[in-house]
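Participant: Fold the following.
(one chain, ligands or ions: 2)
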Amino acid sequence: MSPGPRYSALKGVQDILPPDICLWQEVESAAGKVFSLYGFQEIRPPIIESTDIFTRSIGETTDIVEKEMYTFPDKAGRSITLRPEGTASVVRAYVEHHLYNLPAPQKFFYSGPMFRYERPQKGRFRQFYQIGVEAFGAADPLMDAEIIAMLTVLLERLGLKGVNVEVNSIGCENCRPAYRKALQDFFSGRLDDLCPDCKRRYEYNPLRILDCKVERCIELRRGAPKVTDFLCDECRSHFDKVLSAITLLNIPYVTNPNMVRGLDYYARTTFEVTSEHLGSQKAVAAGGRYDRLVEEFGGPPTPAIGFAIGMERLAALLKEKEGPVAASPDVYIAPIGEKATTESFLMAERLRAKGLWVEAGYDGASLRSQLRRADRLSAHYVLIIGDDELSSGKVKWKNLKDGSQGEAEMSGLPEFFPSFFAER
Ligand SMILES: [Zn+2]
Ligand SMILES: [Zn+2]
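Facilitator: Ligands and ions are numbered 1, 2, ... in the order given. Take a look at the predicted model:
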């Protein structure tokens, strides 16, 4: 009896184990393929950054910055933060490496872990994964539409049905102040009933009251002025062009004037993608335009737009839909006896050199237990090598998928077997 685990993972984080990891790999591989069709190239910023890049970009008064960041002093006393999202790092890299000197637009994608100190609850983790994209240097509403299209193409390629896009425009620095004022006027008589968070939001960023998930606040914001009624001519025209471009692509969408997104850096287009497999308010991906951020990071004025996909949610959806599809070995070699074990050890290497996934028996396991393992692994072919096979130089193979059997020259196996998998 083992005494049981002496250590466990930290609260709110998880191990992603096989076969579930296959779903994650499927998403990552599909994302890389689809994004590259649109000219997005991978960028890998570090996971740790100087804290101020997040407070500056995400906003000092956002929940993320106020409550959820993993921030700590390093040994030299610098304030370091484990990235809570990807955009700030990509913008920092874009400016730091003067990528704005390259022909615009510059398009990037990233994937990896993000960290937020949230109350652990179902489906929410303190280390969670995102795949995101950022496009710099195009103010064209066609870029907004293209990026939304790219996202729906990816989700459809992954087999997600009923993908729906919610779009909004939250205006620019010219038209938002009037809307902000209208919202404050609207909520001023309801201030006492708002949740404590929204009372603060009322002062700093009343738009975010529209994002609040507290029942009472949802009730109180009924009849609130709509941001789309306050857009300036430029914002209005931009928004209309985005909508007509996604209509041209037959992408189903609804406009949602309450969708303001929780980060300070957004302007104009914001969007979320939901799936009919999910309840309301549960987006698989979300994004928006952030035309001022590059400038705030010290770069030239550069329009930009991006989105991020929540991997945990997407993987859970795919698991529900198809279950994890575990990969399985091409060949299992079951040796009987010491000499055969050496032969099987060498044969496995030769077949692997031909590109096959080969498993072989270890620790002198009995034939019975080896065949059980081959079966559990769903191996495609099984070879049994014993004294008879060693002396005759011929070996019997069995196809566990269709039950067919045959015999082959042992020396010819490295040429013979790969032909079974020629389609790869
Ligand atoms: Zn505007
Ligand atoms: Zn609230």
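
Participant: right, and residue 303 touches residue 134 too?
Facilitator: No. Shown here, residue 303 and residue 134 do not form a contact pair, counting by C-beta atoms under 8 Å, at 11.5 Å. For every residue, glycine as well, the C-beta is placed using N, CA and C.

Participant: Which one of these two is surrounded by more residues?
Facilitator: The residue with the greater number of neighbours, taking residue 303 and residue 134 and applying other C-beta atoms under 10 Å, is residue 134; the counts read 27 against 21.

Participant: Check whether the more buried one really touches residue 306, as I assumed.
Facilitator: Yes. Using C-beta under 8 Å, residue 134 and residue 306 qualify as a contacting pair, with a distance of 3.8 Å.

Participant: Can you check which residues contact both of those two?
Facilitator: Both residue 134 and residue 306 are in contact with 87, 90, where contact means C-beta atoms under 8 Å, 6 or more residues apart in numbering.

Participant: any idea how far the closest residue to residue 42 other than its chain neighbours is from ligand 2?
Facilitator: Excluding its sequence neighbours, the residue lying closest to residue 42 (C-beta to C-beta, 6 or more residues apart in numbering) is residue 109, at 5.7 Å. From residue 109 over to ligand 2 the distance is 34 Å, taken as C-beta to the ion, to the nearest Å.

Participant: For the helix or strand encompassing residue 109, buried residues please.
Facilitator: Taking DSSP states H and E as the criterion, the element that holds residue 109 is strand 106-115. Neighbour-count burial for strand 106-115, counted by 16 or more other C-beta atoms under 10 Å, picks out 106, 107, 108, 109, 110, 111, 112, 114, 115.

Participant: Show me the strands in the stretch 1-150 of the chain, by range?
Facilitator: Under the criterion DSSP state E, counting those that start in this stretch, the stretch 1-150 of the chain carries strands at the ranges 41-42, 48-50, 70-73, 79-82, 106-115, 127-136.

Participant: Could I get the buried residue list for the third one?
Facilitator: Judged by neighbour count using 16+ other C-beta under 10 Å, the buried positions of strand 70-73 are 70, 71.

Participant: Give me the contact list for it.
Facilitator: 51, 79, 80, 81, 82, 84, 115, 116, 117, 126.

Participant: My read is that residue 271 contacts residue 163, right?
Facilitator: No. Taking C-beta under 8 Å as the definition, residue 271 is not a contact partner of residue 163, at 12.0 Å.

Participant: who has more neighbours, these two?
Facilitator: It is residue 271, of residue 271 and residue 163, that has more neighbours when counted by other C-beta under 10 Å, with 28 against 21.

Participant: ok so, going back, wait, which of the contacts of strand 70-73 is closest to ligand 1?
Facilitator: In terms of C-beta to the ion, no member of the contacts of strand 70-73 lies closer to ligand 1 than residue 84, at 27.9 Å.

Participant: which residues does the closest one contact?
Facilitator: Taking C-beta under 8 Å, 6+ apart as the contact definition, residue 84 lies against 54, 58, 64, 68, 69, 70, 114, 115, 116.

Participant: Kindly report the same for residue 292.
Facilitator: For residue 292, the residues meeting the contact criterion (C-beta under 8 Å, 6+ apart) are 173, 265, 267, 301.

Participant: hmm, which of these are the buried ones?
Facilitator: Buried residues within these, defined by neighbour count using 16+ other C-beta under 10 Å: 265, 267.

Participant: And the contacts of residue 292, which is the shakiest by pLDDT?
Facilitator: Across the set of those, residue 265 stands lowest in pLDDT, at 80.

Participant: and that one, what helix or strand is that in?
Facilitator: For residue 265, no secondary-structure element claims it when assigned by DSSP H and E, so it is in no helix or strand.

Participant: My guess is it contacts residue 290. True?
Facilitator: Yes. Using C-beta under 8 Å as the test, residue 265 is close enough to residue 290 to be in contact (4.4 Å).

Participant: so what sits against both of these two?
Facilitator: Common contacts of residue 265 and residue 290 (C-beta under 8 Å, 6+ apart): residue 87.

Participant: next helix or strand past the helix or strand that contains residue 245?
Facilitator: Taking DSSP H and E as the criterion, the element that holds residue 245 is helix 233-248. Past helix 233-248, further along toward the C-terminus, the next helix or strand under DSSP H and E is strand 253-255.

Participant: Which neighbouring elements make contact with that following strand?
Facilitator: strand 163-169, helix 233-248 (3 or more C-beta pairs under 8 Å, 6 or more residues apart in numbering; DSSP states H and E).

Participant: winner for burial among these?
Facilitator: When neighbours are counted by mean count of other C-beta atoms under 10 Å, the highest per-stretch mean among the helices and strands packed on strand 253-255 falls to strand 163-169, a mean of 22.

Participant: right, and the helix or strand after that strand?
Facilitator: Using DSSP H and E, the next helix or strand after strand 163-169 towards the C-terminus is helix 176-188.

Participant: So which bits of this protein are right by ligand 1?
Facilitator: By C-beta under 5 Å from the ion, the part of the chain that sits against ligand 1 consists of 171, 172, 174, 175, 232, 235.

Participant: Between these, which sits nearest ligand 2?
Facilitator: Sorting the residues of the chain next to ligand 1 by distance to ligand 2 puts residue 171 at the head of the list, at 21.7 Å, by C-beta to the ion.

Participant: Quick check: residues of the chain near ligand 2?
Facilitator: That would be 195, 198, 212, 214, 217, which are the residues of the chain within reach of ligand 2 (C-beta under 5 Å from the ion).

Participant: List the residues that contact residue 6.
Facilitator: For residue 6, no residue meets the contact criterion (C-beta under 8 Å, 6+ apart).

Participant: what does the model give it for pLDDT?
Facilitator: pLDDT for residue 6: 95.

Participant: and what of residue 121?
Facilitator: Residue 121 carries a pLDDT score of 78 in this model.

Participant: Next one: it from residue 312, what distance?
Facilitator: In this structure, residue 121 and residue 312 are separated by 12 Å, where distance is defined by C-beta to C-beta, to the nearest Å.

Participant: Mutual contacts of these two, please.
Facilitator: None of the residues lies in contact with both residue 121 and residue 312 under the rule C-beta under 8 Å, 6+ apart.
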